[in-house]
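Engineer: Task: produce atomic coordinates for the following.
(4 chains)
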Number of protein chains: 2
Amino acid sequence: MNTLFKALSHPVRRRIVAMLRSGPLASGDIAAAFDMSWPTITGHLNALKEAGLVSPERDGQTIRYRLEISAVEEAMAFLMDIAGTGKPSPIPTTKTEGSRG
Amino acid sequence: MNTLFKALSHPVRRRIVAMLRSGPLASGDIAAAFDMSWPTITGHLNALKEAGLVSPERDGQTIRYRLEISAVEEAMAFLMDIAGTGKPSPIPTTKTEGSRG
DNA sequence: TCCCTAATTAGGAATATTCCTAATTGCAAG
DNA sequence: CTTGCAATTAGGAATATTCCTAATTAGGGA
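Structural biologist: Residues are numbered from 1 along each chain as shown, chains lettered A, B, ... in the order given. As a prediction, the model looks like this:
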């Protein structure tokens, strides 16, 4: 949940997610769409993978990344709950989150 | 859009948003729900305000924060587009986003 | 094996975030 | 005006993010 919204908080990562809407793409093809180095894009892809938003599939030398709709739906579920479009839940009491380090 | 997802990327801010689901709350009441200093919470409230997710209303000495559902819906719209629940849009070409400082 | 292409990992600099304490602002009441 | 409470702003330290170049891993073909 944390990594999910954190992954979506960067414009480049949101754009990658949007690109994958129409189907899986190779790492290199994604990197080519940006004015950034390939390793930087790899870093963003790792963040998206960590969040469960994409999954890599190797095919020979190329690695294709596929969008994981379920993770997008998970984020949507949170927002729907907030917006009242879904079933309401009591005010959260999760004190576990206020940490530093 | 940027500030919106960035605001939602922090667990404390998401928890504040969830708290406001049931109605406006005073800054002090929000701060009291966390193991953090009041100024820290003020900072988070400023981030949420910047993102359009909350709006402050002064009433005497207290300032109450109200949840702005429209901002939540804006974030939801993005995710629905990604998930294919909404109308599809072409692959974004917004090159404006890949910058550094 | 050796070489080429695809992609990732490693290390580090610039920048941004997060959180604290101290000082300040804004409002109400005596 | 002074006091007191509610809340914010200011300044700064610890930490995290972002992005780069250089080095490395992994697979395919001669």
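Engineer: Ramachandran coordinates for residue A:61?
Structural biologist: With angles defined as degrees, to the nearest 10, residue A:61 sits at phi -80, psi -30.
Engineer: let me redo that: residue A:53
Structural biologist: Torsion angles at residue A:53 (phi, psi; degrees, to the nearest 10) stand at phi -80, psi -20.
Engineer: Let me know whether it touches residue A:9 as I believe.
Structural biologist: No: the pair residue A:53 and residue A:9 fails to qualify as a contact (Cβ atoms under 8 Å) at a distance of 12.0 Å. C-beta coordinates here come from the backbone N, C-alpha and C atoms, glycine included.
Engineer: quick one: which of these two has more around it?
Structural biologist: Set side by side, residue A:53 and residue A:9 show more neighbours around residue A:53, with 28 against 19, by other Cβ atoms under 10 Å in any protein chain shown.
Engineer: check which helix or strand covers the nearest residue to residue A:21 once chain neighbours are set aside.
Structural biologist: On the basis of Cβ to Cβ, 6 or more residues apart in numbering or on different chains, the spatially nearest residue to residue A:21 that is not a chain neighbour turns out to be residue B:82, at 5.8 Å. The secondary structure element spanning residue B:82 is helix B:69-83 (assigned by DSSP states H and E).
Engineer: In chain A, which residue sits closest to DNA strand C?
Structural biologist: Each residue of chain A has a distance to DNA strand C, by Cβ to the nearest atom of the strand, and the smallest belongs to residue A:28, at 2.2 Å.
Engineer: ok, that residue - contacts?
Structural biologist: Contacts here follow Cβ atoms under 8 Å, 6 or more residues apart in numbering or on different chains; on that basis residue A:28 touches A:38, A:62.
Engineer: Which helix or which strand is home to it?
Structural biologist: Here residue A:28 sits within helix A:27-32, counting by DSSP H and E.
Engineer: Tell me the buried residues in that helix?
Structural biologist: Buried residues in helix A:27-32, defined by neighbour count with 16 or more other Cβ atoms under 10 Å in any protein chain shown: A:27, A:30-31.
Engineer: next one: stretch A:59-71
Structural biologist: For stretch A:59-71, by 16+ other Cβ under 10 Å, it's A:64-65, A:67-68, A:71.
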